[in-house]
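Peer 1: structure for the following, please:
(one chain, ligands or ions: 2)
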Amino acid sequence: MRPDARAWFENRTTSATSLAEIDVPALLAAKRRGGHAVSVVLPARNEAATVGGLVTDLVQRWVRDVPLVDEVVVMDSDSTDDTAAIARAAGAVVVATADVLPGQGTRPGKGEALWKSLAATTGDLVVFMDSDLLNDVSHYVPGLLSPLLADTRVSYVKGCYTRPLSVDGQVRAAGGGRVTELTARPLINALWPELAGFVQPLGGEYAGRRSALEQVPFVSGYGVEVGLLVDLLQVCGLPGLAQVDLGTRVHSHQTDEALGVMAGQIVSTVLARAARGSTDRHRVSPGGLLTQFAHDGEGFVPTSIPVAVDQRPPMVAVAEYVDRLRAAV
Ligand SMILES: O=c1ccn([C@@H]2O[C@H](COP(=O)(O)OP(=O)(O)O)[C@@H](O)[C@H]2O)c(=O)[nH]1
Ligand SMILES: O=C(O)[C@@H](COP(=O)(O)O)O[C@H]1O[C@H](CO)[C@@H](O)[C@H](O)[C@H]1O
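Peer 2: Numbers count the residues shown, from 1 in each chain. Ligands and ions are numbered 1, 2, ... in the order given. Below you'll find the model as predicted:
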């Protein structure tokens, strides 16, 4: 990792892998001291199986028992199942993405739901969580809020976690985040090496100050996470970004074919931003190092591997080859 990325990784990575690690009373006091309001947004497209449990726990734990959260909003993203009714019955405010900012029309996609959520919420701090999470995520919201409430210089916090992968009913301890590992991470390392310290650049759980979020575009589809990361780097600078270890994240998985489409959207998002030119004049040559992460039981350990490639010239430009061809004639 580049020195700036490593320094960021060491200084801006905190841990909140369970509620035991979080001083909730102190968090509540900081929220009140700062006069903050917190909105939690769950984008949901056909998540009837999971959204109810997630909303029930969020509302009971962080609205009613401990007033850390002021509103829980499910953005119904053109669902065709009972997502909206189930989320509403669980205590969420449910908003149909298509109904928000009608003058702007509506587009399909997760990023559209998240962009419109800014117009459907009022908190100065906004937390985003996927609606297909399957593990205990009761500590996610306070964990994501902690860096924002602890340091006014931080404007955007991404969750990071180990990511099991369940395939054909078999759960592997790692292997999740397939598009992250095979597409997003190599591209980010090559084009924005200052972001190489992000363990989960595509993770769906993150929190930010509205004042920053409303300054950047939201890519309408699955490019929203990588677009926000690159664009908020420009708006907030690396010191304005942070990440928090939330332990593990288990979610429902799409097929490889569907993730191909997701990867395509992420590549389009990255290429559009790469065309804007370098964000750092000291950039190493694109494709220099790839930093991957493994968890050693205590925390994430980065390993940087050289991935710079060399190449041979066209053979017709190699005199030794051409001379041999001529000699053979
Ligand atoms: O058009 C869409 C696609 C996805 N989502 C939601 O965005 C989150 C992440 O989407 P998905 O699970 O499809 O992505 P994955 O986690 O498989 O990468 C989930 O809560 C989806 O319901 C959405 O609101 N609108
Ligand atoms: O990280 C990834 O590679 C993808 C796919 O994860 P899996 O291989 O299904 O565990 O999941 C994320 O990417 C999406 C695009 O940024 C986000 O919208 C999802 O929230 C996130 O789960």
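Peer 1: do you know how far Gly237 is from ligand 1?
Peer 2: With distances taken as C-beta to the nearest ligand atom, to the nearest Å, Gly237 is found 28 Å from ligand 1. Every residue, glycine included, has its C-beta placed from N, CA and C.
Peer 1: what's the neighbour count on that residue?
Peer 2: 13 (other C-beta atoms under 10 Å).
Peer 1: from Asn135, how far off is it?
Peer 2: For Gly237, the distance to Asn135 (C-beta to C-beta, to the nearest Å) stands at 33 Å.
Peer 1: Ala29 too?
Peer 2: Computed as C-beta to C-beta, the Ala29 to Asn135 distance reads 29 Å.
Peer 1: what sits against Lys158?
Peer 2: Contacts for Lys158 were tallied using C-beta atoms under 8 Å, 6 or more residues apart in numbering; they are 198, 200-201, 203, 205-206, 229, 241-244.
Peer 1: hmm, 7 Å instead?
Peer 2: The neighbours of Lys158, taking C-beta atoms under 7 Å, 6 or more residues apart in numbering as the test, are 198, 200, 203, 206, 243.
Peer 1: between the residues you listed, which has the most around it?
Peer 2: Greatest neighbour count in the contacts of Lys158, by other C-beta under 10 Å, goes to Phe198: 29 neighbours.
Peer 1: who's in contact with that one?
Peer 2: Counting by C-beta under 7 Å, 6+ apart, Phe198 has contacts 158, 229, 243.
Peer 1: in JSON lines: those, plus secondary structure.
Peer 2: JSON lines is the format used below for the contacts of Phe198 (DSSP: H, G, I helix; E, B strand; the rest coil):
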{"residue": "Lys158", "secondary structure": "strand"}
{"residue": "Leu229", "secondary structure": "helix"}
{"residue": "Gln243", "secondary structure": "strand"}
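Peer 1: nearest to ligand 2 among those?
Peer 2: Using C-beta to the nearest ligand atom, Leu229 is the member of the contacts of Phe198 that sits closest to ligand 2, with 9.5 Å.
Peer 1: what about stretch 33-44 and ligand 1, any contact?
Peer 2: Yes - using C-beta under 6 Å from any ligand atom, stretch 33-44 reaches ligand 1 at 43-44.
Peer 1: okay, now that stretch: how far is its last residue from its first?
Peer 2: With C-alpha to C-alpha, to the nearest Å as the measure, the first residue of stretch 33-44 is 32 Å from its last.
Peer 1: one step back: as TSV, the contacts of Phe198 with distance to Val301 and pLDDT would be great.
Peer 2: Shown next, in TSV, are the contacts of Phe198 (distance: C-beta to C-beta, whole Å; pLDDT from 0 to 100):
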residue	distance to Val301	pLDDT
Lys158	18	98
Leu229	21	98
Gln243	14	98
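Peer 1: show me where pLDDT drops low in this protein?
Peer 2: Applying pLDDT under 70 to the chain flags the ranges 277-287.
Peer 1: longest helix of the protein?
Peer 2: helix 256-274 (DSSP state H).
Peer 1: for whichever helix or strand comes after that helix, the distance to its chain's centre please.
Peer 2: The helix or strand immediately downstream of helix 256-274 is strand 289-295, counting by DSSP states H and E. Put simply, strand 289-295 sits 17 Å off its chain's centre (C-alpha atoms, centre = their mean, to the nearest Å).
Peer 1: how about whichever helix or strand comes after strand 289-295: buried residues?
Peer 2: Once strand 289-295 ends, the next helix or strand along the chain (criterion: DSSP H and E) is strand 300-306. For strand 300-306, burial by neighbour count (16 or more other C-beta atoms under 10 Å) applies to 300, 302, 304.
Peer 1: nearest to ligand 1, of these?
Peer 2: Among those, Phe300 lies closest to ligand 1 (C-beta to the nearest ligand atom), at 20.0 Å.
Peer 1: quick one: the closest one from Phe198, how far?
Peer 2: Phe300 sits 10 Å away from Phe198, taking C-beta to C-beta as the criterion.
Peer 1: what sits against Val100?
Peer 2: The contact partners of Val100, taken as C-beta under 7 Å, 6+ apart, are 116, 119-120.
Peer 1: make a ChimeraX selection of whichever of those residues turn out to be buried.
Peer 2: Entered in ChimeraX, the line below selects the buried ones among those, by 16+ other C-beta under 10 Å:
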select :116,120
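Peer 1: related to what we said a few turns ago, closest to Leu101 among the contacts of Phe198?
Peer 2: Leu229 (24.0 Å; C-beta to C-beta).
Peer 1: OK, contacts around that closest one?
Peer 2: Taking C-beta under 7 Å, 6+ apart, we find Leu229 in contact with 195, 198, 201.
Peer 1: what's the local residue count around the first one?
Peer 2: Going back to what we said before, that points to Leu195. For Leu195, the neighbour count with other C-beta under 10 Å is 23.
Peer 1: show me what from the stretch 151-300 of the chain comes close to ligand 1.
Peer 2: Within the stretch 151-300 of the chain, the positions lying close to ligand 1 (C-beta under 6 Å from any ligand atom) are 204, 251, 253-254.
Peer 1: neighbour-wise, which one of these leads?
Peer 2: Neighbour counts for these, by other C-beta under 10 Å, peak at Gly204, which reaches 22 neighbours.
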